[in-house]
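**Q** Dropping a prediction and its sequence here:
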Amino acid sequence: MIGVTLDLWGRSINPETYQHIFASSYLEAKILVSGLFMHESWFFSVRPGSNGPFWSLSYEFLYYMIFGSVMLLPSIKSKLIGGLLWILIAGPKILLLFPCWLIGCLAYYGCKSIRINIFFATFLLLLSGYFLITTMSERWLHWSPWGYEGLGTPPLFYSAKYLDDYTIAGAVALFLFSMSSWFSLERKSNGLLASLIKKCANCSFSLYAVHFPIMAFLGALWASDSLSQWGYLSGIMLVLGICFLFAVVFELPLKRYRSLLIRIFPILNQKCGIRS
């Protein structure tokens, strides 16, 4: 809702900024479907206003529901029914990238429970690091969605390059797994730098969720000469600052919100695995 409000405000300032990133048709329905995280189910693909990056929230939500059903429901029957129900809701397009999400789970459990010798860890680090640097540096400089045929278009939309996604997910997992030989999950880091990293990590969802509508809105202000004196660096800092304010309200107090939810609905503590 915040993103769409910024979109409508920005369009009133400079409509040209939103010409190719905002479709006003059926906007209320798109907001409703996106709010239920069903906006990428099966061969459906919409976005709330200009917020194109919002597409992956539908994927993540359904992965959590499938995984949570299997891991948290009490009986084999309920696990099967719950898991299959969410699989049917997700559809093949979302399931196509499920291995990437599962690779992340495997990376976490591998870092937590498996120890490898320093030589093998160094080999995996160099191998995965070289692949990621050479692959991602090229894309950082020259990447364009139009250079990847089928990406963002029917029928697979954002799942169109699934083999490429599998490769990158596997390389990231190997990189994290190898790094765990030097930085184990059990080791608690202290100090100013560690505190800063944790604080920034706790704002990562907010950055992801609202950065694009903020960028589009600032773009409209720039185009209308309202912010013409600002440069790229100051614009980046402004986007990060607004995302941090969003996190202060919605993300950083998450534990307090969970505690309040459990006090209102105590059954959630036993049935849903929610912890304050």
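**A** Thanks, I have it.
**Q** From now on I want contacts and neighbour counts done on CA atoms only, so please keep to that.
**A** OK.
**Q** Can you give me the distance of residue 183 to residue 111?
**A** Distance, residue 183 to residue 111, using CA to CA, to the nearest Å: 9 Å.
**Q** ok, those two, which is more surrounded?
**A** Legend: neighbour count by other CA atoms under 10 Å for residue 183 and residue 111, higher for residue 111 (23 against 14).
**Q** List the residues that contact the more buried one.
**A** Shown in contact with residue 111 (CA atoms under 8 Å, 6 or more residues apart in numbering): 176-177, 180, 184-185.
**Q** try 10 Å this time
**A** Residues near residue 111 by CA atoms under 10 Å, 6 or more residues apart in numbering: 105, 173-174, 176-181, 183-186.
**Q** And the residues you listed, which of them are buried?
**A** Buried members of the contacts of residue 111, scored by 16 or more other CA atoms under 10 Å, are 173-174, 176-181.
**Q** Could you list which of these belong to helices?
**A** 173-174, 176-179 (DSSP state H).
**Q** helix/strand/coil for the residue lying closest to residue 91 once chain neighbours are set aside?
**A** Excluding its sequence neighbours, the residue lying closest to residue 91 (CA to CA, 6 or more residues apart in numbering) is residue 42, at 4.2 Å. Assigned with DSSP: H, G, I helix; E, B strand; the rest coil, residue 42 falls in the coil class.
**Q** show me the contacts for residue 42.
**A** Contact analysis of residue 42 by CA under 10 Å, 6+ apart lists 88-95, 155-156.
**Q** In JSON lines, list those along with neighbour count and pLDDT.
**A** Below are the contacts of residue 42 laid out as JSON lines (neighbours: other CA atoms under 10 Å; pLDDT from 0 to 100):
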{"residue": "88", "neighbour count": "12", "pLDDT": "96"}
{"residue": "89", "neighbour count": "14", "pLDDT": "95"}
{"residue": "90", "neighbour count": "24", "pLDDT": "95"}
{"residue": "91", "neighbour count": "16", "pLDDT": "93"}
{"residue": "92", "neighbour count": "16", "pLDDT": "94"}
{"residue": "93", "neighbour count": "21", "pLDDT": "94"}
{"residue": "94", "neighbour count": "24", "pLDDT": "95"}
{"residue": "95", "neighbour count": "19", "pLDDT": "96"}
{"residue": "155", "neighbour count": "15", "pLDDT": "87"}
{"residue": "156", "neighbour count": "21", "pLDDT": "88"}
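**Q** Pull stretch 55-69 out as PDB, backbone CA atoms only.
**A** Below are the C-alpha coordinates for stretch 55-69, written out as PDB (Å, rounded to 0.1, in the frame of the first residue of the first chain):
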ATOM      1  CA  TRP A  55       7.500 -10.900  -7.800                       C
ATOM      2  CA  SER A  56       9.800 -13.100  -5.700                       C
ATOM      3  CA  LEU A  57       7.700 -12.700  -2.500                       C
ATOM      4  CA  SER A  58       5.100 -14.900  -4.000                       C
ATOM      5  CA  TYR A  59       7.800 -17.600  -4.500                       C
ATOM      6  CA  GLU A  60       9.200 -17.200  -1.000                       C
ATOM      7  CA  PHE A  61       5.800 -17.300   0.700                       C
ATOM      8  CA  LEU A  62       4.800 -20.500  -1.000                       C
ATOM      9  CA  TYR A  63       8.100 -22.100  -0.300                       C
ATOM     10  CA  TYR A  64       7.700 -21.300   3.400                       C
ATOM     11  CA  MET A  65       4.100 -22.800   3.300                       C
ATOM     12  CA  ILE A  66       5.300 -26.000   1.600                       C
ATOM     13  CA  PHE A  67       8.300 -26.400   3.900                       C
ATOM     14  CA  GLY A  68       6.400 -25.400   7.000                       C
ATOM     15  CA  SER A  69       3.600 -27.800   6.300                       C
END
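**Q** Much appreciated, bye for now.
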